[in-house]
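>>> turn this into a model:
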Amino acid sequence: MAKQPRILVGQVAAITGGARGIGRATAHALAREGIKVAIGDLDLEVAKATAEEVGNGAIALPLNVTDPDSFSAFIEAVEEQLGPLDILINNAGIMQLGAFLAEDLKTTRRMIDINIYGVHYGSELALQRFVQRGRGHLINIASAAGKQGYAHGATYCGTKHYVVGMSESLRSELRGTGVEISCVMPVVVQTELGSGLPSTRGVKQVEPHDVADEIVSALKEPRFDVFVPRSVAAINAVMQVVPRRGREAMGRALKADKVLSGADPSIRATYELRAVKSGSELEAPDAKELEETSAGS
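This is a model prediction of the structure:
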């Protein structure tokens, strides 16, 4: 007999980087399931607007995922206001593109701080609670780029490989504890982060709500590998058994090898500038800065 999907009503979920994109879509999807949602984001005003839009008691809280104290305060505030944490979605991340030898160290550190340390801090804080309670679901947002490296995205791909590898290790380490681990690996998503990226053959870009729907599905019927779209799972399975030259030839045939190096810098200018400012304070870029960024790309 097939297992019945889990009932999610009344559970408490925290989403990092939840003000925009995949995080925002996921907040909406979870609220529709009756889950109490906390949105953590560096941009508190946008997070508040998203929480109000989501409704159903959703709250917005300040969060800098690169700061362990900020992350700890975020989780504590979630539990104080909504109750014991059941679900953490490590969604916050940035993607800055460019040739490896042209990448400055600040850019490298920024992606590592947010995409690696941010996921690490959140996972540790959530799992301490989940293991003690014998329940809980950690969802780490990685990428299809966590399974394959692409030109002009060396650091980004490396950070997502870390998320996949860490998540796999946690799944093995925590088996039998009652804690669930899921790793979400979407292709290019039509968000600011994915703006200006070319399409590949055979795999269409997806919408944020597509990722959100698969997250909800993984919560109801827990599974580790969450590919978006699901058809990518079959492609990945083939890639695992094909020799490297064959994999690379397939990538070229699908135009996947150009998915990051073929990005349009003029379209990505606004996002890239905002990503640069993903520090202790997030400032809105002005028109002059955008023009200079576009001109220099």
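>>> name the element Phe227 belongs to?
Using DSSP states H and E, Phe227 falls within strand 225-228.
>>> which parts of stretch 244-253 are buried?
Buried residues in stretch 244-253, counted by 16 or more other Cβ atoms under 10 Å: 247, 250-251. Using the backbone N, CA and C atoms, a C-beta is placed for each residue, glycine as well.
>>> now these in JSON lines, with pLDDT?
Listed next are the buried residues of stretch 244-253 as JSON lines, based on pLDDT from 0 to 100:
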{"residue": "Arg247", "pLDDT": "73"}
{"residue": "Met250", "pLDDT": "70"}
{"residue": "Gly251", "pLDDT": "75"}
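>>> let's see which of those residues end up in helices.
Among the buried residues of stretch 244-253, DSSP state H puts 247, 250-251 in helices.
>>> make JSON lines out of the residues you listed and add distance to Gly118.
As requested, these are exported to JSON lines (distance: Cβ to Cβ, whole Å):
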{"residue": "Arg247", "distance to Gly118": "30"}
{"residue": "Met250", "distance to Gly118": "32"}
{"residue": "Gly251", "distance to Gly118": "29"}
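>>> wait, which of the residues you listed is closest to Ala25?
Among these, Gly251 lies closest to Ala25 (Cβ to Cβ), at 28.2 Å.
>>> so what's that closest one closest to, chain neighbours aside?
Distances taken as Cβ to Cβ, 6 or more residues apart in numbering place Asp257 nearest to Gly251, at 4.6 Å, with adjacent residues excluded.
>>> then Pro222?
Spatially, and ignoring its direct neighbours in sequence, Pro222 is nearest to Glu180 (4.4 Å; Cβ to Cβ, 6+ apart).
>>> give the contact list for the one you found.
136-138, 222 (Cβ atoms under 8 Å, 6 or more residues apart in numbering).
>>> sheet partners, orientation included, of the helix or strand that contains it?
Of the helices and strands defined by DSSP H and E, Glu180 is found in strand 179-186. Here strand 179-186 is paired, per DSSP bridges, with strand 136-141 (parallel), strand 225-228 (parallel).
>>> so which of those is the most packed in?
Of all the strands paired with strand 179-186, strand 136-141 has the most neighbours on average by mean count of other Cβ atoms under 10 Å, namely a mean of 25.
>>> following it, which helix or strand comes up?
The helix or strand immediately downstream of strand 136-141 is helix 154-173, counting by DSSP H and E.
>>> thinking again about what came up before, looking at the ones in helices among the buried residues of stretch 244-253, which one is closest to Thr108?
For those, the residue nearest Thr108 by Cβ to Cβ is Gly251; the value is 24.3 Å.
>>> surely the closest one meets Gln148?
Yes - the criterion here is Cβ atoms under 8 Å, and Gly251 meets it with Gln148 at 7.3 Å.
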